[in-house]
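Trainee: compute the structure for the input listed below.
(one chain, ligands or ions: 1)
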Amino acid sequence: KYESYPYERIQKIREQNIAPSLRTYYKKPLLLHQGHMQWLFDHEGRRYLDLFAGIVTVSVGHCHPKVTMATQKQLARLWHTTNIYMYPAIHEYAEKLTSLFPDPLKVVYFTNSGSEANDLAMFMARLHTRNFDIICLRGGYHGGSPYTLGLTSLTPYKHGVANGFGCTTTMLPDVFRGPWGGSHCRDSPVQTVRKCSCTEGECHAKDQYIEQFKDTLNTSVPKTVAGFIAEPIQGVNGAVQYPRNFLKEAYQLIRERGGLCISDEVQTGFGRTGSHFWGFQTHGVVPDIVTLAKGIGNGFPMAAVVTTKEIASSLAQNLHFNTFGGNPLACVVGAAVLDAIEEDGLQKNSEDVGTYMLLELAKLRDPFEIVGDVRGKGLMIGVEMVTDKDSRRPLPAEEINQIWEDCKDMGVLIGRGGLYSQTFRIKPPMCITKRDVDFAVEVLHTALQRHVARATAK
Ligand code: PMP
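Mentor: Numbers count the residues shown, from 1 in each chain. The predicted structure is shown next:
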């Protein structure tokens, strides 16, 4: 039996007292009652398969019993004020988390959000290199704080106030939407329909994008830079993947100019890409700084920056303090999340179920002209909707909104992304099963059929 919530009253509070810059999903936003693993339940007891995991935050499952139990136990023991003392759970978690990184990434700073983690990463890169300029990619999302907003290159999140001093945005190597195609260039079970002139082993598309990257370095910034930040697969921009070896070559160019390489793993970390625990490993690179948030706490507000001893020593010349960062409760949650990933085999599940889902979704591309691109790796998936595959114009908002609303009404919650909100983002809790995938793909198929029926009736 579900408690009854006064929907209208809650909606009114939202209109009157909650920041209007926060936008809810759907014409009639969901009023949630509870969550369990890959499922969400609304105030009327309706069940939804959650393919967006609280914006890629619920890594191991809503209210995962192991995480809940560990949190409850810690709540009765000690929550806070430990940065100036020692507490075993914090040290054990630091050891456990850093053991998952290759050398020399062995030092962790705990923060409370992804924006804060990227703020600190920028700060560290500047302090360590004594350079100022940071390069980022178009379409990237790295935070909403004044510092990180300069790295976030998506107009809907930009505000007309001073930000981004020293941040230079360069061309996005997007093999679907970009000028050079890349029909076998990305690390995904599904390749784009955009043909390219590459030959096996030689990616001309990547070479062209690297030329653009060099062009930015040669024209827009000083000879030395503080760093480069990129997501291994872009999240908010709709699971955009770069051609193979792009990041490897970009890292080299940055290092030649004295800069540090920052991997924003806020969405791609913790096994989500399936083949590897961290997204950077899928590109064969080792960054100098890695930022973590979202899935690190399965929804608990916590984040981290992992770096090398040498870089950390630059920050150690003075005090750097964060009141809530790495509090005992957060560390216990973080450790339970790591245990759950391991015990439930969630990295492997991401690989198996993610690959299955990508291949099933790709089958929708042929019968439906508006399904432009299906891409991703593991459970980091994007389905880009277009008017037609030739023009690749984004599907108009009213049309994509209706497909999305239909999916919700049939019990499947999907995220949205891309500059025009034209991409469905599928990044579920990593405990999702193949049966869930069959259900979700069937629902999307039905919603697409309804779209075709509406279009022909016009
Ligand atoms: N980096 C990436 C890749 C993100 O997706 C986000 C959040 N969408 C952030 C950083 C910022 O995280 P937060 O909202 O916790 O500040």
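Trainee: which residues touch the nearest residue to residue 131 once chain neighbours are set aside?
Mentor: Counting by Cβ to Cβ, 6 or more residues apart in numbering, the nearest residue to residue 131 once its immediate chain neighbours are dropped is residue 226, at 4.1 Å. Every residue, glycine included, has its C-beta placed from N, CA and C. Residues counted as contacts of residue 226 (Cβ atoms under 8 Å, 6 or more residues apart in numbering) are 122, 125, 126, 129, 131, 132, 133, 134, 166, 259, 260.
Trainee: which parts of the stretch 351-458 of the chain sit against the ligand?
Mentor: Within the stretch 351-458 of the chain, no position is near the ligand by Cβ under 6 Å from any ligand atom.
Trainee: if we can go back for a sec, ok, and of the contacts of residue 226, which contact the ligand?
Mentor: Subset of the contacts of residue 226 in contact with the ligand: empty, counting by Cβ under 6 Å from any ligand atom.
Trainee: can you give me the helices in the stretch 301-450 of the chain?
Mentor: In the stretch 301-450 of the chain, the helices defined using DSSP state H, counting those that start in this stretch lie at 309-315, 328-343, 346-362, 397-409, 434-457.
Trainee: of all those, which one is nearest residue 81?
Mentor: helix 328-343 (9.1 Å; Cβ to Cβ).
Trainee: helices and strands around the closest one, which ones?
Mentor: Of the remaining helices and strands, those touching helix 328-343 by 3 or more Cβ pairs under 8 Å, 6 or more residues apart in numbering; DSSP states H and E are helix 65-75, helix 88-98.
Trainee: would TSV of those with distance to the ligand be doable?
Mentor: Below are the helices and strands packed on helix 328-343 laid out as TSV (distance: least, Cβ to the nearest ligand atom, whole Å):
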stretch	distance to the ligand
helix 65-75	18
helix 88-98	17
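Trainee: as TSV, these with mean neighbour count would be great.
Mentor: Below are these laid out as TSV (neighbours: other Cβ atoms under 10 Å):
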stretch	mean neighbour count
helix 65-75	15
helix 88-98	17
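Trainee: report pLDDT for the residue nearest to residue 42 when sequence neighbours are not counted.
Mentor: Excluding the flanking residues, the one nearest residue 42 by Cβ to Cβ, 6+ apart is residue 30, at 5.2 Å. Model confidence at residue 30, given as pLDDT, is 95.
Trainee: just residue 84 next, same as before
Mentor: In this prediction, residue 84 has a pLDDT value of 87.
Trainee: and the residue of the stretch 51-200 of the chain found nearest the ligand, how close does it get to residue 246?
Mentor: When scored by Cβ to the nearest ligand atom, the stretch 51-200 of the chain has residue 114 as its residue closest to the ligand, at 2.3 Å. When distance is defined by Cβ to Cβ, to the nearest Å, residue 114 is 23 Å away from residue 246.
Trainee: stretch 266-283 near the ligand anywhere?
Mentor: Yes. Counting by Cβ under 6 Å from any ligand atom, the ligand has neighbours in stretch 266-283: 266, 267.
Trainee: what is the burial count for the nearest residue to residue 164 once chain neighbours are set aside?
Mentor: Spatial nearest neighbour of residue 164, excluding adjacent residues (Cβ to Cβ, 6+ apart): residue 150 at 2.4 Å. Look at residue 150: counted by other Cβ atoms under 10 Å, it has 22 neighbours.
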